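[1] fold the following, please.
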Amino acid sequence: MNPRQFPFWLFMTIVVIMGLLLSACGGGTTEIKVGAPLPLTGPYASDGEQMLKALQMAVDEQNAKGGLLGRPLRLITGDVGALEAEKIKAVGERLIGEGVDVVITGYADSGVDARVFGEYDMPFLHADAMTLNTEVVAQDPEKYGNVFQYCPSEVSYGIDAAANLFKMGEKMGWKEPNKKIAIVKVDYSYNILAADKFAELAKDQGYEIVVDEVTQFGVVEWGPILSKIDNAQPAYVTFWNLDPTDAARFIVQFKERFGEKGLNALVFMQFTPSIPEFLELAGSAAEGLLWTASINPVGAGVEDYKQRWIAKYKEEPKSIYAYVTRDGFDIWVTAVEKAGCVDCYDKVVENIRNITYEGLAGVHVFTATDQQSKYGDDFIPTLWYQIWGGEHLVVGPSKYQKAQPQMPPWIK
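    Here you go, the predicted model:
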């Protein structure tokens, strides 16, 4: 046949068929949109900035490899501010309107984001560490089966603190003077549930809660509560408040009160010192403080990732979420590649549900009941830190320990 006589209809048929084949194989130039609700303003903005950088770096590196299934990725963000419910809902509506194929965040929690994004079919991966979100999945797995928490929930903090805080004194050569504990917690489920579980388990071990204070966010003057602590003279002062400004004010005023006169007690905080803003505000007052995080950069690829981060951003990662947020992205990519398609959400979700993924935070295996990453030394471990020289030194557990805990300066 003369090429000039090649039927136009046959030419167009071939073009359409090739287009369909490319689409079926996941190829083409259509963007894959990655939605990211992040705390970019407000008290958690320093963490939010690290989450944003982690996701942008992930998207850029994936695109440099040719994209995902041959398609380029684009990051679309939304600011959830101070984790207000209305902002999360508004951001959710905008991201859905943009047609995102996945939603990933470090945290965007006020107990509503699982409900917001669980209304849709695409995967939602978060590290909120909140029972309010995981219980949604447990109660209605058919409706919210697309929601995954790639970290343990907040109750694990209370369990771990009750198991390990009372051993820290022995490691640093300190003997507890009594069995009394002070608990200061903010009226926020992430902190309340962890603190209450700690109190319950501590009482089972013979300890007495002599100060049990619930506050709102935004406390400026901690003097009244510090006076109660001074009067009670507990062996342990525990502080459960996610706001880095609140936490920094507390430890600064604690040092002002007890730095010279002394208090024979260990001071412990749940997670908050990991937020970069905390050390900037607390400064030297934080020296000797113990704290824990249930997500940490412990995986085999951490050093390589850190060097790639430095090459891109000209500085070291400043937050745990600089590392951990990448796990959420990589878990999703692994699931998509196995499925061979992006918008076949049922397949992708099923792959995430059954994944064993060795990430920067440890080994992610999701529980069957509520789809949160299992915690423990062989999965996602909780690490203990003590602040010395303006650095967060890992003092436990022994598998990850880098430094020996020391008696804080207010113990005379």
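[2] at which residues are the strands of the stretch 251-400 of the chain located?
    Applying DSSP state E, counting those that start in this stretch to the stretch 251-400 of the chain gives strands spanning 266-270, 290-293, 356-359, 362-365, 383-388, 391-396.
[3] now do the stretch 1-150 of the chain
    Applying DSSP E, counting those that start in this stretch to the stretch 1-150 of the chain gives strands spanning 32-38, 73-79, 102-104, 124-126, 147-149.
[4] just want the most central residue of the protein.
    Ala127 (4.1 Å; CA atoms, centre = their mean).
[5] circling back: just say which of the strands of the stretch 1-150 of the chain is most tucked in.
    Compared across the strands of the stretch 1-150 of the chain, strand 102-104 shows the largest average neighbour count, a mean of 29 (mean count of other CB atoms under 10 Å). Yep, even glycine has a C-beta here, placed from its N, CA and C like the rest.
[6] pass me the low-pLDDT residue ranges in the stretch 51-200 of the chain, would you?
    The stretch 51-200 of the chain contains residues with pLDDT under 70 at 110.
[7] wait, what's in contact with the closest residue in space to Ser319 that isn't next to it in sequence?
    Spatially, and ignoring its direct neighbours in sequence, Ser319 is nearest to Gln50 (3.9 Å; CB to CB, 6 or more residues apart in numbering). Counting by CB atoms under 8 Å, 6 or more residues apart in numbering, Gln50 touches 106, 276, 317-319, 321-322, 325.
[8] mind picking the two most distant members of those residues?
    Pro276 and Thr325 (14.2 Å; CB to CB).
[9] show me which of the two is the more surrounded one.
    Set side by side, Pro276 and Thr325 show more neighbours around Thr325, with 33 against 20, by other CB atoms under 10 Å.
[10] and the pLDDT at Ile14?
    Ile14 is assigned 47 on the pLDDT scale.
[11] going forward, count from 400.
    Sure, I'll start numbering at 400, so the last one becomes Ile413.
[12] so where do the helices sit in the stretch 450-599 of the chain?
    Assigned by DSSP state H, counting those that start in this stretch, the helices in the stretch 450-599 of the chain fall at 484-497, 512-516, 530-538, 554-570, 588-603.
[13] what's the closest of those helices to Thr671?
    Once the helices of the stretch 450-599 of the chain are compared by CB to CB, helix 588-603 is nearest, at 9.0 Å.
[14] list the buried residues for the closest one?
    Within helix 588-603, the residues scored as buried using 16 or more other CB atoms under 10 Å are 588-598, 600-601.
[15] what's the answer for stretch 562-574, then?
    Neighbour-count burial for stretch 562-574 flags 563-565, 567-568, 570-571, 573 (criterion: 16+ other CB under 10 Å).
[16] and these as JSON lines, adding distance to Glu534?
    Below are these laid out as JSON lines (distance: CB to CB, whole Å):
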{"residue": "Asn563", "distance to Glu534": "26"}
{"residue": "Leu564", "distance to Glu534": "26"}
{"residue": "Phe565", "distance to Glu534": "29"}
{"residue": "Met567", "distance to Glu534": "31"}
{"residue": "Gly568", "distance to Glu534": "35"}
{"residue": "Lys570", "distance to Glu534": "35"}
{"residue": "Met571", "distance to Glu534": "38"}
{"residue": "Trp573", "distance to Glu534": "38"}
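[17] and of these, the nearest to Pro623?
    Closest to Pro623, out of all of the buried residues of stretch 562-574 and judged by CB to CB, is Leu564, at 24.7 Å.
[18] so the closest one makes contact with Phe667?
    Yes - using CB atoms under 8 Å, Leu564 is in contact with Phe667, at 5.7 Å.
[19] which residues are in contact with both of these two?
    With CB under 8 Å, 6+ apart as the test, Leu564 and Phe667 both reach 635, 637, 689.
[20] Ser555: which of the strands of the stretch 400-549 of the chain is closest?
    Among the strands of the stretch 400-549 of the chain, strand 546-548 comes nearest to Ser555, with 11.4 Å by CB to CB.
[21] residues in contact with the closest one?
    Residues from elsewhere that reach strand 546-548 (CB under 8 Å, 6+ apart): 513, 516-517, 522-529, 532-533, 535-536, 730, 751-752, 765, 769-772.
[22] redo that, cut-off 7 Å
    Residues from elsewhere that reach strand 546-548, judged by CB atoms under 7 Å, 6 or more residues apart in numbering: 513, 516-517, 522-527, 532-533, 535-536, 751, 765, 770-772.
[23] got it, and stretch 687-694?
    Counting by CB under 7 Å, 6+ apart, 526, 528, 550-551, 555-556, 559-560, 567, 650, 665-670, 672-673, 719, 723, 760, 774, 779, 781-786, 807-808 sit against stretch 687-694.
[24] which parts of that stretch are buried?
    Buried-residue list, stretch 687-694, by 16+ other CB under 10 Å: 687-694.
[25] now do stretch 493-501
    By neighbour count on 16+ other CB under 10 Å, the buried set for stretch 493-501 is 494-495, 499-501.
[26] now do stretch 601-618
    Buried residues in stretch 601-618, counted by 16+ other CB under 10 Å: 601, 606, 608-610, 612, 614, 618.
[27] as a whole number, average confidence for it?
    Here stretch 601-618 scores 98 as its mean pLDDT.
[28] what's the answer for stretch 636-643, then?
    Here the average pLDDT along stretch 636-643 is 98.
[29] so how far does that stretch reach from one end to the other?
    17 Å (CA to CA, to the nearest Å).
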